[in-house]
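Curious how this folds, go ahead:
(one chain, ligands or ions: 1)
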Amino acid sequence: MTIYSFKTRLVFLLALCVLFIFNTLSEGQESISFKTVVIDAGHGGRDPGAIGKMSKEKDIVLNVALKLGEYINKYLPEVKVVYTRKKDVFIPLNRRAEIANENKADLFISIHANAISTSKIYGSETFVLGLHRTKENLEVAKLENSVIVLEEDYTTTYQNFDPNSSESYIIFELMQNIHIDQSIYMASLIQSQFKDRVGRRDRGVKQAGFLVLREAAMPSVLVELGFLTNQSEEKFIASEKGQAYMASAIFRAVRDYKVEFDSKSKMEDITQKQLEKEQEKINYRIQIASSKKKIREGSSIYKKFDDVWMFKEGERFKYTTACNADFDSILVALKEVKNKVNDAFVVAFKGEEKISVNEARKIQRSKN
Ligand SMILES: [Zn+2]
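Now for the predicted structure:
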């Protein structure tokens, strides 16, 4: 049974949007919100990650991860922080994503530092899962994935994935990543913070096949803080001050992401509730015609009435005008309509379901 025209539905949706704005302004109702973030300090234990002249990746990223968690605990106490490691221990790549999945995290942030054969290259970059667009991105993924050879029996765990073969990465092209938009959004928030607030060289948001992101069932990013192979960059990110700056930059990105996330889910939540309410709503209409065949727009009833709604009952097309939740008001409207169609009468609906007028009035009385 269809009683709403496309135009009506559109108006209804617009009304919901307005309603949403007022709802958000007036009440702080409980809804789905950003609750849990998993912070993953890369490497650890027997896997040092990239090695600089004065520092190791595993130590730098652990410091930044712990600081980031501290900031979130302090300034966003409603958000639960879960670490994949808080100490210098070895954690297999697949276990890291598992931790995020088990905790039903809303966001997964893997923190790393980079290394490359030349000391000239420096800057920060943030990756999301996908197929590498350039050979350079592939090299970063290869480097970060190569740690699996330190795991026992990695060929079974990662289904014969060879971290050094380019062919193994083709699988990432086939992967459906439903969180790609949110992941890219988060990655770009991080990069702007690095660039605008910490003054780092922005190497951009990139895509590549990282095993650590592959199994994570939520928006996920992999941050490369900078290059340990560049002397001044290593000095910065190995320093306490540099680490505090980088952690607070990621923190601000998390905060901004949360604001966006919460407002979106609130809207979905309210829309859902409103739709449910709408399904329960009683409305009266005035039936003005009934026909075996669809009545053409432009026919006499469309000329007589500005608002005509059609619904189908059994095999028949039925046409109504006016719509009111108040029975007395619909009776007033009926008098007017009878001047044009003298056998017009009142029909009742619960949501989109036609019910008897008596039943409708009974439901309304029981609610009052
Ligand atoms: Zn790394």
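
May I have the predicted confidence score for Arg133?
pLDDT for Arg133: 68.

my bad, should have said Asn23
Looking at Asn23, the pLDDT reads 45.

Leaving out sequence neighbours, find the closest residue to Val149.
Ranked by CB to CB, 6 or more residues apart in numbering and with sequence neighbours excluded, the top spatial neighbour of Val149 is Pro163, at 6.8 Å. Glycine gets a C-beta too; all of them are placed from N, C-alpha and C.

Sticking with the one you found, tell me its helix or strand.
Using DSSP states H and E, Pro163 falls within no helix or strand.

Tell me the spacing between it and Leu225.
Distance from Pro163 to Leu225, counting by CB to CB, to the nearest Å: 22 Å.

what does Arg85 give?
Where Leu225 is concerned, Arg85 sits at a distance of 17 Å (CB to CB).

which one of those two has more residues nearby?
Counted by other CB atoms under 10 Å, Arg85 and Leu225 do not tie: Leu225 has more neighbours, with 30 against 23.

Doesn't that one belong to a strand?
Yes. Using DSSP: H, G, I helix; E, B strand; the rest coil, the assignment for Leu225 is a strand.

Would you tell me what helix or strand Gln279 is located in?
Assigned by DSSP H and E, Gln279 falls in helix 240-280.

Over to the residue of the stretch 1-150 of the chain found nearest the ion. Which of the three states is it?
Nearest residue of the stretch 1-150 of the chain to the ion (CB to the ion) works out as His112 at 3.3 Å. Secondary structure, three-state DSSP: His112 is strand.

Near the nearest residue to it once chain neighbours are set aside, how many other residues are there?
Distances taken as CB to CB, 6+ apart place Gly42 nearest to His112, at 4.2 Å, with adjacent residues excluded. Residues lying near Gly42 (other CB under 10 Å) number 29.

Would you mind confirming that Gly42 is in contact with Lys56?
No. Using CB atoms under 8 Å, Gly42 is not in contact with Lys56; the gap is 11.0 Å.

Mutual contacts of the two, please.
Common contacts of Gly42 and Lys56 (CB atoms under 8 Å, 6 or more residues apart in numbering): Gly49.

could you show me where the strands are in the stretch 51-200 of the chain, in order?
80-83, 107-114, 124-129 (DSSP state E, counting those that start in this stretch).

Tell me what angle the longest one forms with strand 124-129.
Just to be clear, that refers to strand 107-114. Orientation of strand 107-114 against strand 124-129 (axes from the mean of the first three to the mean of the last three CA atoms, to 10 degrees) gives an angle of 130 degrees.

Helix or strand for Glu234, just tell me which one.
helix 231-238.

Identify all contacting residues around that helix.
52-55, 60, 64, 113, 119, 122-123, 225-228, 242-243, 246.

How is this protein partitioned into domains?
Domains of the chain are assigned by automatic domain parsing as 31-269, 281-367.

Worst mean pLDDT among those?
domain 31-269 (a mean of 89).

So His43 sits against Ile51, correct?
No. The pair His43 and Ile51 does not pass the contact test of CB under 8 Å, sitting 10.5 Å apart.

More neighbours: which of those two?
The residue with more neighbours, out of His43 and Ile51, is His43; 26 against 14, by other CB under 10 Å.

Contact partners for the more buried one?
Going by CB under 8 Å, 6+ apart, His43 touches 49, 57-58, 61, 112, 147.

residues touching Gln243, list them.
60, 63-64, 67, 237.

check the residues you listed against the ion, which are close?
Checked against the ion using CB under 5 Å from the ion, those yield no neighbours at all.

circling back: which one of the strands of the stretch 51-200 of the chain has the most crowded surroundings?
Comparing the strands of the stretch 51-200 of the chain by mean neighbour count (mean count of other CB atoms under 10 Å), strand 107-114 ranks first with a mean of 28.
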